[in-house]
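Participant: sequence and computational prediction follow.
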Amino acid sequence: MPIDILEGLNPRQREAVETVDGPLLIIAGPGSGKTRVITHRIANLVRVCGVAPYRIAAVTFTNKAAREMIERIDGLGLAPGMTVCTFHAFCAKLLRQHHDRAGIARNFTIFDRDDRRKLIRQAVERCDLSASNWSPAAIDQDISRAKNALLTAQAYTEGDLDWRERTIARIYACYEGLLAENAGLDFDDLLMKMASALDRDAELRGELEAIYRYVLVDEYQDTNSAQYQIARLLTRDHQNLCATGDPDQSIYGWRGADISNILHFEEDYPRAVVVKLEQNYRSTQRILAAADALIVDNVQRKEKTLWTKNDAGPLVRIVEHETGDDEARTVAEEIGERIRNGADAADIAVFYRVNALSRVLEEAMLRSGVSYQIARGLEFYNRREIKDVLAYLRVLVNPSDGLALTRIINTPPRGIGATTIQRLTDAAQASGMTLRAAVTDPDALSKLGRGAAKVRQFGELLTKLAEVVNLPAPEALEYVISHSGLRALYRDARDGDDAPAANLDELVSAAAAFQADEPEATLIEWLEHAALIGDVDAVDSNVSKVTLMTLHAAKGLEFDAVYIVGFEDGLLPFRRHDGSSSDASDTEEERRLCFVGMTRAKTRLCLSRARYRMLRGVTQRTVESPFLDALPADAVDYQAEVPRTSGRPARRSRGRLPDDLEEWTIGTLVRHPLHGLGRVLSIERGPKRTHVAVEFKDGLRRSWVLEFADLERVDFDDIG
C-alpha cells in the first residue's frame, strides 16, 4: 500500500512539500523535521508530479546526511536513479563525466590535506623560498580561501597586493602547476573547476540543467561562493532550486561559507516562496528557550520563533568547576552514573570548542570506565598503513601521481634511498615524463647507478599490479595488499594498542560495504569515496558508547543528553591568540556554534566551565563565557561545584547595565578581570542589548554585550 506522502506533516511542512516549481527557501529551525520535508518533497515530485528520479539532484554537506536521505527515500518506496550526495561528490562525479570540458584528466587524484601541503612545500622550494618562513599550513589556508572565492592563481595576481600577497601568488601559481603535473585536484578544486566549467561552457550548463530539472541544496547557509555559483548556474533557466537551511546554524565562515547566500536568497530569486519550519520536535521547552534567548542577540539572521509541544523538561544546568580536570572528572563520573542507572551511552555526547580539551576528557572517561568514541573519521584514513595502500592504488589508476609514487617506491623497504629517488625525479623532469614512466624507462634507469636494478624491480611490480585497475575495489585491495609486500610488512607490527594488519583488513571490509551499496562502482569511484570521508562519518550511532566531538562536528546529530564543556571567554566564544582582533561577525558565528550545540540535546543539557584551565602548558584564570549571561533565569539552574574565591570582583546583576553608563563614552578607560586595562572604542545601544568594543593594552580588541560584560569603568586617577 503506497505511503501517504503528506501524512503526519504539519501545515508548514505540507506547504514546503507541495511547492513544486520555482525557487523555494525553507528556513528550517533545529529539530524541525527538515530531512523529512526534503525527502517527502522528493517523493511528491516523483509520485504526484511524475518527475523522473534521474532529473532530481539533492546535495548536502556530509556523507552522513546524504546516507540518511537515501535511507528515507528508500523507505518511501521510490525508484532509484536520483542523485543524492555531498556537494564535493556531486562535483567529482560531473568532473569525471565531463573531464574534457573541464580541461582535466579523467583519472585525476583527489589530494587530501597532507598531500596538498606536501605539494605546497614543493612549490615553496621551487620558488626558492624557505618552508620555515613560508609555512605550508598557512599558505594552504590562503590558497583555500582564494579558491573558495573563485580566484584562480591568475586572478589572484591581479589584485592590489602587498609584498606577502605577491609571494603567495607566486607559490599559488607554482602549486597549481604541480597539481597539473600530478593530474591531481584538491578538495577546493572540485568545486571551483565545476563552477568555472558551468560558467564558461554554456552548452555544458544547458545539458546539465536539462538533466537536473529539480535541484535541492541542503544546509544552504553553509555554501561558499563556488557552491552558490554551481546552484545558481544549474537552475538559471528553470529556477527550480529548493534551498533549505537556517542562518542561525551557519558555522563555517572560517572555511569560506557565506551566510549572505541564504540571507539574500529572496533578492536573488524575487519569485521565491519562503516557508519557515519553526516547530521543534527534538528538544524540551527549556532547552529551546535557552537556545533561542542566546541566538536572538545576533544581527545576521532571519526572524523566526521556535516552539515545541514537548514537555518543559529539566532545567538547563550551568556548572562551575574549580579546574579543567575537575570539570572532566565530574562529567565522566556523572555520565557513568547515568549509564549505571540504565541510560544508553549512545544517547550521551560531550562537545567542546577545540580539540585540545579532548585529552583530559578521554583520561577522565577511562578512569571512570566509560566507553567512548571520538568523531575523528579522518584518523583511520590518515594512518600510515592505510595511506600506503591507497598510494599504490592511486599510482595504478593515475600514473601521473608522482606524490603517491614517491611514497611507495621504498615501501616496503627495497633499498631505494633519497639520492636514487632524486636522480629518478631529475631524469623524469629532464625528459618530460612521469615518475611512473621513468621507473621502467631504460634511459632514466641508466642515470641511477647501483640503484637502477632495485628501481627496475619496483617498476616490474607496478606493471604486475596494474592488472587490478578493472577489478572491484575489495578484490583490488586484497591483491595489492598481498602482492606489494604490505601485508608481510605490517603482519607483526603494532602501534600502541592498534594492529596495522587489522586496519588493512578493516579497509578491505569498508570497500566491500561500499561495493555492496554500489555494485557497479569502479576502483576510481571507491578511491574518490575514500578521499571524501569526513570526521562525522566515523560516528557510529549503533554502538553503545559516549560520543566526544567538537561543536563543529556535532552539526546534524542529536542526543538525549548533551554536555558542553569550556564555557569560558576565549574558548567559547573562541578568541584567537595570534594577536589579531575578533569582530562582531566572529562573535556571531561563535554564538551560532553554541546554538547548534545546545539544540542537539533532546532532554538534558549541561553547560560547564572551569575557573582555572591549563592551555598550551600554562594554567590560567578564566572568565565566564558571556554567552551564559544571555540565558533566561527561569530555564537554567546555576551550580557551583566549589565556592567562588573572595578575591573575585563583585559582579552586577545579570542583564543589568552599569549604574554610571552616562559616563561611558568612546575613550573611557575600563578594566576586565582577564584582559586588564582597556579603552572603549565604540558603544552601540540597540533595542535589546548594548554592545561595547574595547581595545586593551596588548592591542587585542574584544566585543561584548555590555549588560553581561565583566567591565568596570576606571577613573584615570585610580590607575596605580
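Facilitator: Yes, it's here. Numbering: from 1, shown residues only.
Participant: can you show me the strands along the stretch 401-550 of the chain?
Facilitator: Secondary structure of the stretch 401-550 of the chain, counting by DSSP state E, counting those that start in this stretch: strands at 546-550.
Participant: state the mean pLDDT of stretch 261-268.
Facilitator: In this model, stretch 261-268 has a mean pLDDT of 95.
Participant: swap that for stretch 482-502, sorry
Facilitator: Stretch 482-502 shows a mean pLDDT of 78.
Participant: so what touches that stretch?
Facilitator: The contact list for stretch 482-502 (Cβ atoms under 8 Å, 6 or more residues apart in numbering) reads 383-385, 388-389, 392, 408, 411-412, 461, 464-465, 480-481, 504. In this view, the C-beta of every residue, glycine as well, is placed from N, C-alpha and C.
Participant: quick check: buried residues in it?
Facilitator: Within stretch 482-502, the residues that qualify as buried are 484, 486-487, 489-490, 499-501, counting by 16 or more other Cβ atoms under 10 Å.
Participant: how about low-confidence regions in the stretch 401-550 of the chain?
Facilitator: Applying pLDDT under 70 to the stretch 401-550 of the chain flags the ranges 493-498, 534-541.
Participant: how does it look with 80?
Facilitator: 492-499, 533-542 (pLDDT under 80).
Participant: so which of the buried residues of stretch 482-502 are in helices?
Facilitator: When the buried residues of stretch 482-502 are checked against helices (DSSP state H), the matches are 486-487, 489-490, 500-501.
Participant: of all those residues, which comes closest to residue 208?
Facilitator: Closest to residue 208 out of these is residue 486 (40.4 Å), distances taken as Cβ to Cβ.
Participant: the closest one and residue 508: what is the separation?
Facilitator: With distances taken as Cβ to Cβ, to the nearest Å, residue 486 is found 12 Å from residue 508.
Participant: what do you get for residue 181?
Facilitator: 31 Å.
Participant: what bridges to the closest residue to residue 714 other than its chain neighbours?
Facilitator: Sequence neighbours aside, residue 669 is the residue nearest to residue 714 in space, at 4.5 Å (criterion: Cβ to Cβ, 6 or more residues apart in numbering). In this entry, residue 669 is beta-bridged to residue 679, by DSSP bridges.
Participant: residues near residue 632, how many?
Facilitator: 14 (other Cβ atoms under 10 Å).
Participant: next SSE after the one helix or strand residue 154 maps to?
Facilitator: Using DSSP states H and E, the element containing residue 154 is helix 153-157. Of the helices and strands lying after helix 153-157 in sequence (DSSP H and E), the nearest is helix 163-181.
Participant: list the buried residues in that following helix.
Facilitator: Buried residues in helix 163-181, counting neighbours by 16+ other Cβ under 10 Å, are found at 167-176, 178-179, 181.
Participant: correct me, but residue 170 touches residue 126?
Facilitator: No - between residue 170 and residue 126 there is no contact, the gap being 9.4 Å when judged by Cβ atoms under 8 Å.
Participant: hang on, the earlier thing: considering the ones in helices among the buried residues of stretch 482-502, which is situated nearest to residue 357?
Facilitator: residue 500 (28.7 Å).
Participant: pLDDT weak spots in the stretch 1-150 of the chain?
Facilitator: Using pLDDT under 80, the stretch 1-150 of the chain drops low at 1-3.
Participant: could you pull out the strands for it?
Facilitator: Along the stretch 1-150 of the chain, the segments classed as strands by DSSP E, counting those that start in this stretch run 24-28, 56-60, 83-86, 109-111.
Participant: can you put the ones you listed in TSV and add mean neighbour count and distance to residue 67?
Facilitator: What follows is those, written out as TSV (neighbours: other Cβ atoms under 10 Å; distance: least, Cβ to Cβ, whole Å):
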stretch	mean neighbour count	distance to residue 67
strand 24-28	26	19
strand 56-60	25	10
strand 83-86	22	9
strand 109-111	24	20
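Participant: what's the closest of these to residue 607?
Facilitator: Between residue 607 and these, the tightest spacing by Cβ to Cβ is seen for strand 24-28, at 24.4 Å.
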